[in-house]
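**Q** using only what follows, build the 3D model:
(one chain, ligands or ions: 1)
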Amino acid sequence: MYAAIDDPYCYPGTTVLKNKLGLREQRDLDAFETEISFQRSTEAMPTGRLSYTHYRAIHRHLFQDVYTWAGKVRTVRISKGGSTFCYPEHIDQEMSKLFKALAKAKHFKGSNPQAFAKQAAHFLAELNAIHPFREGNGRAQLTFLTLLAEKAGHPLVLRRLDPERIMKAVIASFGGNEAALTAVIQGLLEEQGRGSAR
Ligand SMILES: Nc1ncnc2c1ncn2[C@@H]1O[C@H](COP(=O)(O)OP(=O)(O)OP(=O)(O)O)[C@@H](O)[C@H]1O
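**A** Purely as a prediction, here's the structure:
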């Protein structure tokens, strides 16, 4: 949950996000959101060129059943655990810049696994610092990383994913330390698991 004051995304006097089902209890919303976004994540993702537009389409796909603003950038300031994310008035510009740089780097195609992990960690750190959506950033990030890795020829082994560990690494990256995130990503690459029983 995010700290936001007088948040127009929430039912008045609550921190529960307005949602398509009209669920007013956080518990109920959490359960529905988790279930349906997981369901959507098992479907084919919208196709695209790993662009900013594509990223928004992925978020829209995952959360289309829950929020009217799925795929749209937020209009309020948000923070989490003391980290304040990009102000809404700068999101569009920052996202455009980030995805332009990604395209310029050829989506990290041709990088060896070590280099890919480092580049992807930096990209993810920047993406998280922007946090374009009011909710669902973590899931959109991971979905996009999966596509990015696949396209770059370094598919992820998602069953190795430790949500707690990646979250800690993402938080560390917010403070400028990308080493842990690089290590997490490197550990998810298929190449790293060869010959091991993991
Ligand atoms: N204190 C923090 N500083 C920076 N980033 C954080 C912090 N706490 C969590 N994050 C990151 O924010 C992202 C989660 O954002 P958000 O809650 O919008 O997404 P979600 O998909 O709804 O949640 P989750 O990823 O927990 O399922 C994750 O990448 C997480 O690592």
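**Q** can you get me a residue count around the residue in the chain that the ligand sits nearest to?
**A** Closest to the ligand within the chain is Gly138: 1.8 Å, counting by C-beta to the nearest ligand atom. Yep, even glycine has a C-beta here, placed from its N, CA and C like the rest. Neighbours of Gly138 under the rule other C-beta atoms under 10 Å: 15.
**Q** does it count as helix, strand or coil?
**A** The three-state assignment at Gly138 reads helix, by DSSP: H, G, I helix; E, B strand; the rest coil.
**Q** next one: the one 5 residues further on
**A** Following three-state DSSP, Thr143 is assigned to helix.
**Q** counting neighbours, what do you get for it?
**A** Around Thr143 there are 20 residues (other C-beta under 10 Å).
**Q** element containing the residue nearest to it when sequence neighbours are not counted?
**A** The spatially closest residue to Thr143, leaving aside those adjacent along the chain, is Ile58, at 5.4 Å (C-beta to C-beta, 6 or more residues apart in numbering). Taking DSSP states H and E as the criterion, Ile58 maps to helix 52-63.
**Q** what lies in contact with that helix?
**A** With contact meaning C-beta atoms under 8 Å, 6 or more residues apart in numbering, helix 52-63 is reached by 33, 37, 40-41, 43, 45-48, 70-73, 95-96, 98-99, 132-133, 135-136, 139-140, 143-144, 147.
**Q** after it comes which helix or strand?
**A** strand 79-80.
**Q** that next one packs against which elements?
**A** Strand 79-80 sits against no helix or strand, with contacts defined as 3 or more C-beta pairs under 8 Å, 6 or more residues apart in numbering; DSSP states H and E.
**Q** looking at that strand now, give me its mean pLDDT.
**A** Strand 79-80 shows a mean pLDDT of 97.
**Q** does the ligand sit close to it?
**A** Yes. Contact of strand 79-80 with the ligand (C-beta under 6 Å from any ligand atom) involves Lys80.
**Q** got any ranges where this structure has weak pLDDT?
**A** For the chain, applying pLDDT under 70 flags the ranges 1-5, 192-198.
**Q** residues from it in reach of the ligand?
**A** Counting by C-beta under 6 Å from any ligand atom, the chain comes close to the ligand at 80-81, 83, 128, 135-139, 141, 167, 170-171, 174.
**Q** thinking again about what came up before, list the buried ones in the helix holding Ile58?
**A** Neighbour-count burial for helix 52-63, counted by 16 or more other C-beta atoms under 10 Å, picks out Tyr52, His54, Tyr55, Arg56, Ala57, Ile58, His59, Arg60, His61, Leu62, Phe63.
**Q** list the contacts for Arg49?
**A** Ala103.
**Q** helix, strand, or coil at it?
**A** coil.
**Q** change the start of the numbering to 4 and stick with it
**A** From this message on, residue numbering opens at 4, which makes the last subject Arg52.
**Q** distance of it from Val160?
**A** Distance of Arg52 to Val160, computed by C-beta to C-beta, to the nearest Å: 25 Å.
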